[in-house]
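Visitor: any chance you could fold what I've pasted below:
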Amino acid sequence: MQKYELLYIVPTQFADTEIDGLREKTAAIIEQTGAKVTRNESLGKIKLAYPIKHQRHGTYVLIHFEGEPSVVATIDRALRLSDEVLRHMIVDLAPGSEKKVFEIQSYVAPLSEEAREMRRTTTSDAAAPRKAPVAPSITEAAFPVKAGEASMSMEELDKKLDEILDEDVKA
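Guide: Predicted structure coming up:
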């Protein structure tokens, strides 16, 4: 028997009690194929990196199961047809990941204000030793901010980038 890992996303329209019911329903689908569920846990609710079927948040559920390779296609088809599952992925279970604890975090766009704030707090925290030098972001490398100079807005940055690209095309 092969070991597999299934990760799927449930839309936020379902309450926690309903998600528990969906977890049991999904486990039952897996067990109907002859596979054995070894782990079934909810990893939590987070904001998605991009909207999926007009949903911006979802609850991630992780299931480990053992079964024959032929059952994967049956499980995959059942989940694709399910209205309760936004996205799912079935992969071979990596050795040693049976007991691994997973923690999910919301997606943060690299150039967003939230990412800049995270960068500021990590670089200003003198108590935490730095493990490796942090490379400057694309905007910091292209447009270094001098002391006393105000930072650029996204519109100003786009305009400056367009000017540089136009110069490169003319040259």
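
Visitor: any low-confidence regions in this structure?
Guide: For the chain, the stretches flagged by pLDDT under 70 are 122-151, 168-171.

Visitor: so where do the helices sit in it?
Guide: 16-32, 71-81, 113-124, 138-142, 154-170 (DSSP state H).

Visitor: between those helices, which gets nearest to residue 3?
Guide: helix 71-81 (11.5 Å; Cβ to Cβ). From N, CA and C alone the C-beta is placed, and that goes for glycine too.

Visitor: output that closest one as PDB, restricted to C-alpha atoms.
Guide: The C-alpha trace of helix 71-81 is given here as PDB (Å, rounded to 0.1, in the frame of the first residue of the first chain):
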ATOM      1  CA  VAL A  71      -7.900   4.600  -5.700                       C
ATOM      2  CA  VAL A  72      -6.300   8.100  -6.100                       C
ATOM      3  CA  ALA A  73      -8.200   8.700  -9.400                       C
ATOM      4  CA  THR A  74     -11.500   7.800  -7.800                       C
ATOM      5  CA  ILE A  75     -10.900  10.100  -4.800                       C
ATOM      6  CA  ASP A  76      -9.700  12.900  -7.100                       C
ATOM      7  CA  ARG A  77     -12.900  12.600  -9.200                       C
ATOM      8  CA  ALA A  78     -15.200  12.600  -6.200                       C
ATOM      9  CA  LEU A  79     -13.500  15.700  -4.800                       C
ATOM     10  CA  ARG A  80     -13.600  17.500  -8.200                       C
ATOM     11  CA  LEU A  81     -17.400  16.900  -8.300                       C
END
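
Visitor: from here on, count from 821
Guide: That works, and once the first residue is 821, the last one we named lands at helix 891-901.

Visitor: for it, which positions count as buried?
Guide: Residues of helix 891-901 classed as buried by neighbour count (16 or more other Cβ atoms under 10 Å): 891-892, 894-895, 898-899.

Visitor: who are the packing partners of the longest strand belonging to the chain?
Guide: When the chain is parsed with DSSP state E, its longest strand is strand 856-872. For strand 856-872, the helices and strands in contact under the criterion 3 or more Cβ pairs under 8 Å, 6 or more residues apart in numbering; DSSP states H and E are strand 822-831, helix 836-852, strand 875-887.

Visitor: right, so of the ones you listed, which gets closest to residue 915?
Guide: Across these (criterion: Cβ to Cβ), the nearest stretch is strand 822-831, sitting at 8.7 Å.

Visitor: great, nothing more from me.
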